[in-house]
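> Pasting the sequence and the predicted coordinates here, then a few questions.
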Amino acid sequence: MSRYTIILSTVIRNPIDLEHISQTISVLGDALEWSIDLYDCDQILRVVWHKNASAELVKKLKILGVKSAVLEVFDENGTPLGSGVQS
């Protein structure tokens, strides 16, 4: 089974934005794990999925008013697949 690690820069202004991220990841389903570094200036969100859901994640977060940009996506071998999706 495939495994993708998606690294995003986010803009979290309040606890509601953080809740939107949590809900979006839950709705998209199949996330193996996720974490966010609120102390990093880019508020890095790292999600591990069985699929590359980076574009879908950014799109859904944008609808909820959470700005994000994909910094990189890695496959199960650690090979970078590229970036460029942002809201």
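Looks like it came in fine.
> For the protein, which helix or strand comes out least confident on mean pLDDT?
strand 80-82 (a mean of 84; mean pLDDT, DSSP states H and E).
> which SS class is the closest residue to residue 47 other than its chain neighbours?
In space, residue 47 comes closest to residue 34 once its chain neighbours are excluded; the distance is 4.3 Å by Cβ to Cβ, 6 or more residues apart in numbering. Yep, even glycine has a C-beta here, placed from its N, CA and C like the rest. At residue 34 the chain is in strand, as set by DSSP: H, G, I helix; E, B strand; the rest coil.
> Check residue 6 too.
Relying on three-state DSSP, one would call residue 6 strand.
> give me every residue that touches it.
By Cβ atoms under 8 Å, 6 or more residues apart in numbering, the residues touching residue 6 are 45-49, 52-54, 57, 70, 72-73.
> and which of these is nearest to residue 1?
Of all the contacts of residue 6, residue 1 sits closest to residue 49, with 10.7 Å by Cβ to Cβ.
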